[in-house]
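J.: Quick check, what structure comes out for this input:
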Amino acid sequence: MDIVTISSFLIPWLPVLLKKAGESAVSSAAGQMGKDTWQQAQAIWAKLHPKIEAEAGAKVAAEELAKNPDDPTWKAPFQQKLTEILENDPHLKAAIAEILQETEDNQADTSIKQQVGTVTKGQAVANMKDSTAINVGGDVSGGINAARD
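T.: Numbering: from 1, shown residues only. Here you go, the predicted model:
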């Protein structure tokens, strides 16, 4: 399990998870980052939070990151404490891995259909929801499948 991935996933949610932000921030964050992502963050935090609270260094780092999620000063200590917590509790590590795996399984089944609205001077303009845009170059016609690796 990659600690950088877990911490990078949790850190933006810390202000909300630690209740350092109001309910409007929860709605806004869930809207921007997605309801499924918010539910995953809550599930991971429900498992992890008691251990974070019990470990003074982890608690301080989490609280500081909740105030300023972009502060690099606290990311390394938070990651180190997460590593220690998970290495010392294999059941917790397995539970978090299971939550992450469920999400990966759900994302693997996701497909996005997009319909092009306008083509002007060789550039297609279309709308997408809950997806990431990628550029497809060259001359294209017919059905096109573009995937990101």
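
J.: after the helix or strand of the chain with the lowest mean pLDDT comes which helix or strand?
T.: Lowest on mean pLDDT, DSSP states H and E among the helices and strands of the chain sits helix 23-33, with a mean of 56. Following helix 23-33 in sequence order, the next helix or strand is helix 35-54 (DSSP states H and E).

J.: Restrict that following helix to CA atoms and write it as PDB.
T.: Provided in PDB are the C-alpha atoms of helix 35-54 (Å, rounded to 0.1, in the frame of the first residue of the first chain):
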ATOM      1  CA  LYS A  35     -19.500  12.100  -3.800                       C
ATOM      2  CA  ASP A  36     -17.900   8.700  -4.300                       C
ATOM      3  CA  THR A  37     -14.500  10.200  -3.300                       C
ATOM      4  CA  TRP A  38     -16.000  11.800  -0.200                       C
ATOM      5  CA  GLN A  39     -17.600   8.500   0.800                       C
ATOM      6  CA  GLN A  40     -14.300   6.700   0.300                       C
ATOM      7  CA  ALA A  41     -12.500   9.400   2.400                       C
ATOM      8  CA  GLN A  42     -15.000   9.000   5.200                       C
ATOM      9  CA  ALA A  43     -14.700   5.200   5.100                       C
ATOM     10  CA  ILE A  44     -10.900   5.400   5.300                       C
ATOM     11  CA  TRP A  45     -11.000   8.100   8.000                       C
ATOM     12  CA  ALA A  46     -13.500   6.100  10.100                       C
ATOM     13  CA  LYS A  47     -10.900   3.300  10.300                       C
ATOM     14  CA  LEU A  48      -7.800   5.500  10.600                       C
ATOM     15  CA  HIS A  49      -9.100   8.300  12.900                       C
ATOM     16  CA  PRO A  50      -8.900   6.500  16.300                       C
ATOM     17  CA  LYS A  51      -5.200   5.600  15.600                       C
ATOM     18  CA  ILE A  52      -4.400   9.200  14.500                       C
ATOM     19  CA  GLU A  53      -6.000  10.500  17.700                       C
ATOM     20  CA  ALA A  54      -4.000   8.100  19.800                       C
END
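
J.: The following helix or strand past it versus helix 35-54: what angle between them?
T.: Going down the chain from helix 35-54, the next helix or strand is helix 56-67, by DSSP H and E. Here helix 56-67 points in a direction 140 degrees away from that of helix 35-54 (axes from the mean of the first three to the mean of the last three Cα atoms, to 10 degrees).
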